[in-house]
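> For reference, the sequence and a predicted model appear below.
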Amino acid sequence: MDAAAAAGVVVASVDHLKARKGAFRIALIPPEVLRALNDGLLETVNLNEFMALELPQLARSIAGHVGLDGASERLADTIAMLGAFKPMQRHTHIARALYDLTALHAERDAVAHRLATHASDVARCWAAQWVTLSGLPLPAQLEAVRRFAADSHFGVREIAWMAVRDAVIASLDEALALLQPWVFDADPNIRRFASELTRPRGVWCAQIEALKAEPWRALPLLEPLRADGSRYVQNSVANWLNDASKTQGEWVDKLCKRWVAESDTDATRYIAKRALRTLSKGP
């Protein structure tokens, strides 16, 4: 049996774990689930599973899966220093090590594809981070990150927008223009990406000072989403405007009133109410 066939047998053996509900404490994660997660055979289903991962084991497993040397000196050196970094920084360093190893591989495109389509959401997160490392111009970065923006796993989708955040800030006007078609996409994940990526404040990322000062510059992205049928998108648009309300409260208030007057739908009213939540609290 070749390696691919053997992997198929192993993956099939964990199918019964895929419909599980995540444990509400790390200590309650079943050993069988934890083994499969660390072997790179399962996606995490909640933050507890993500935090419980043994990154050295997972990194070596995934390296082997995609055709890299899991025992390489480059990866070993990275694993040895992980303890010196915060949890999310550890993932960045592993992604960088795998990127460097792939750059030297004779079949680097095939390796990259296997990582980007891996069964483990964490592996796909690392692949998404490669977009940051690529040095590509902004249009090419957005093209490369699109598959991760549409990923079925929420964690991969979050890493996707963070991977291009700095590039967007550096070329904001270009980014706003390039993202306009995204807000009309049939996939709500893609529409939400355009909103979440450009939030003035965002979460765990650099702030976009230009949009804190002049949020109206992003209206071509926001206007088409004001009555979006997806709650996932609605929450992102509302959070976008709530971010802006902390620096341009009067503008956000007027915008929400106009939206409700022009589009008196449940979706628009929901967005407006959530967008104004900080202003509603008062000083």
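Noted; the coordinates are in hand. Numbering: from 1, shown residues only.
> how close does the spatially most central residue of the chain get to W259?
A centroid search over the chain (C-alpha atoms, centre = their mean) returns E158, at 2.1 Å, as the residue closest to the centre. E158 sits 27 Å away from W259, going by C-beta to C-beta, to the nearest Å. Every C-beta, even on glycine, is put in place using the N, C-alpha and C of the backbone.
> And the contacts of stretch 273-283?
With contacts defined as C-beta atoms under 8 Å, 6 or more residues apart in numbering, stretch 273-283 is touched by 234-235, 237-242, 245-246, 249, 252-253, 256.
> okay if I get those residues as a markdown table plus pLDDT and secondary structure?
Formatted as a markdown table, those follow (pLDDT from 0 to 100; DSSP: H, G, I helix; E, B strand; the rest coil):
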| residue | pLDDT | secondary structure |
| --- | --- | --- |
| Q234 | 98 | helix |
| N235 | 98 | helix |
| V237 | 98 | helix |
| A238 | 98 | helix |
| N239 | 97 | helix |
| W240 | 98 | helix |
| L241 | 98 | helix |
| N242 | 98 | helix |
| S245 | 98 | helix |
| K246 | 97 | coil |
| G249 | 97 | helix |
| V252 | 98 | helix |
| D253 | 98 | helix |
| C256 | 98 | helix |
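> out of these, who's nearest P224?
Nearest to P224 among these, counting by C-beta to C-beta, is V237 at 9.9 Å.
> Contacts only, for the closest one.
Residues in contact with V237 (C-beta under 8 Å, 6+ apart) are 195, 222, 225-226, 228, 271, 275.
> that older thread, remind me which helix or strand the residue nearest to the centre of the chain belongs to.
helix 154-170 (DSSP states H and E).
> Quick check: buried residues in the very next helix or strand once past that helix?
Using DSSP H and E, the next helix or strand after helix 154-170 towards the C-terminus is helix 172-179. For helix 172-179, burial by neighbour count (16 or more other C-beta atoms under 10 Å) applies to 172, 175-176, 178-179.
> out of these, who's nearest G22?
L179 (32.5 Å).
> Roughly how far does the closest one sit from V237?
L179 is 14 Å from V237, by C-beta to C-beta.
> which residues of the stretch 1-150 of the chain score low on pLDDT?
Filtered on pLDDT under 70, the stretch 1-150 of the chain yields the residue ranges 1-12.
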